[in-house]
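Asks: The following block contains a protein sequence and its predicted model.
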Amino acid sequence: MTAPLTLAPARTALVLVDLMDRIVALPLEPRKGTEVLSVAEELARTFRAAGAPVVLVRVERPGVAEQPPGSGLVHGLLAPGDVEIVKRTIGAFHGTGLDEALRARGVTTVVFGGIATNLGVESTARAAGDLGYDLVFVEDAMAALTEAEHEASVKLDFPRLGTVVPAARLRLAAD
C-alpha cells in the first residue's frame, strides 16, 4: 500500500459537494450515491474529530419559487460547527462566501468529495486552485453520471490540479 497522505487539520478543510437526497439517488458510476455518502460521512467525522472544518455545499436553482423535493442536504450530514454553502452555479465559489469562510479559518488545503465528480466537484476545485489552495481529491468519495466522466476527472484532470487519494490513505496529523 502507498504511504498515507497526512495533512494538518489547522490548515485543511473538507468540502463535500451536492450531497442532497435527489442527487445521491441518481444512477451514478463508478459507485452508488449511497456509497459516496458513506465515505463522505466517515471523512466528515474524522475531520470534525481533528478540529478541521467541514463545508457542505448544496445547489439551489435560481429564479424558481420552490426548490425540487430532495434539495436539502442528506438528513444528518450537517453537524454543529459545519459550514453550509448554497451555490447557484456549478461551482461553489462564485457569490457564496466560500473563499472568505475558508480563509477566516486559516485553510490552505481543501479536500474534496461529492457528486458529480466532473461537474460540481471539478468546477469548485478549479476555482479553489485559481485562488491558491492546495487540492486533495478523495476518489472513493465521488461519483458521476457515467464512469467515463468520473474517470476523466480523477485520472486526467485532478492529478494536474492536486493529489488524488482513496479515503483509506488520508490522515489528519495530531496537532
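Replies: On my side now, so go ahead.

Asks: now the helices for the protein?
Replies: Listed in chain order, the helices of the chain (DSSP state H) span residues 21-24, 33-49, 98-104, 122-130, 147-151, 158-161.

Asks: wait, which of those is closest to Leu170?
Replies: Smallest distance to Leu170 across the helices of the chain (CB to CB): 7.4 Å, for helix 33-49. The way it works is simple: take the backbone N, C-alpha and C, and place the C-beta from them, glycine included.

Asks: Show me what the closest one is packed against.
Replies: Judged by 3 or more CB pairs under 8 Å, 6 or more residues apart in numbering; DSSP states H and E, helix 33-49 is in contact with strand 12-17, helix 21-24, strand 54-59, strand 109-115, strand 134-143, strand 170-172.

Asks: How about the shortest one, which residues are buried there?
Replies: Of the residues in strand 170-172, those scored as buried under the neighbour-count criterion (16 or more other CB atoms under 10 Å) are 170, 172.

Asks: Which elements pack onto it?
Replies: If you count contacts as 3+ CB pairs under 8 Å, 6+ apart, strand 170-172 packs onto strand 5-7, helix 33-49.

Asks: and with 10 Å instead?
Replies: On a contact count with 3 or more CB pairs under 10 Å, 6 or more residues apart in numbering; DSSP states H and E, strand 170-172 meets strand 5-7, strand 12-17, helix 33-49, strand 134-143.

Asks: Please compute how far the first one lies from its chain's middle.
Replies: Looking back up the chat, that one is strand 5-7. Its chain's C-alpha centre and that of strand 5-7 lie 17 Å apart, by CA atoms, centre = their mean, to the nearest Å.

Asks: and Ala79, what does it touch?
Replies: By CB atoms under 10 Å, 6 or more residues apart in numbering, the contact list for Ala79 reads 44-45, 48, 54, 56.

Asks: Got a ChimeraX select line for the buried ones in the residues you listed?
Replies: Per 16+ other CB under 10 Å, the buried members of these correspond to this ChimeraX selection:
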select :44,48,54,56
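
Asks: Of the contacts of Ala79, which is the nearest to Leu145?
Replies: Leu56 (21.1 Å).

Asks: Can you give me the distance of that closest one to Thr146?
Replies: Distance, Leu56 to Thr146, by CB to CB, to the nearest Å: 25 Å.

Asks: do Leu19 as well
Replies: From Leu19 to Thr146 the distance is 19 Å (CB to CB).

Asks: Specify which residue of the two has the higher count of neighbours.
Replies: Leu19 (25 against 16; other CB atoms under 10 Å).

Asks: residues in contact with the more buried one?
Replies: 33, 36-37, 40-41, 44, 56-58, 73-74, 77-78, 113-115, 120, 141.
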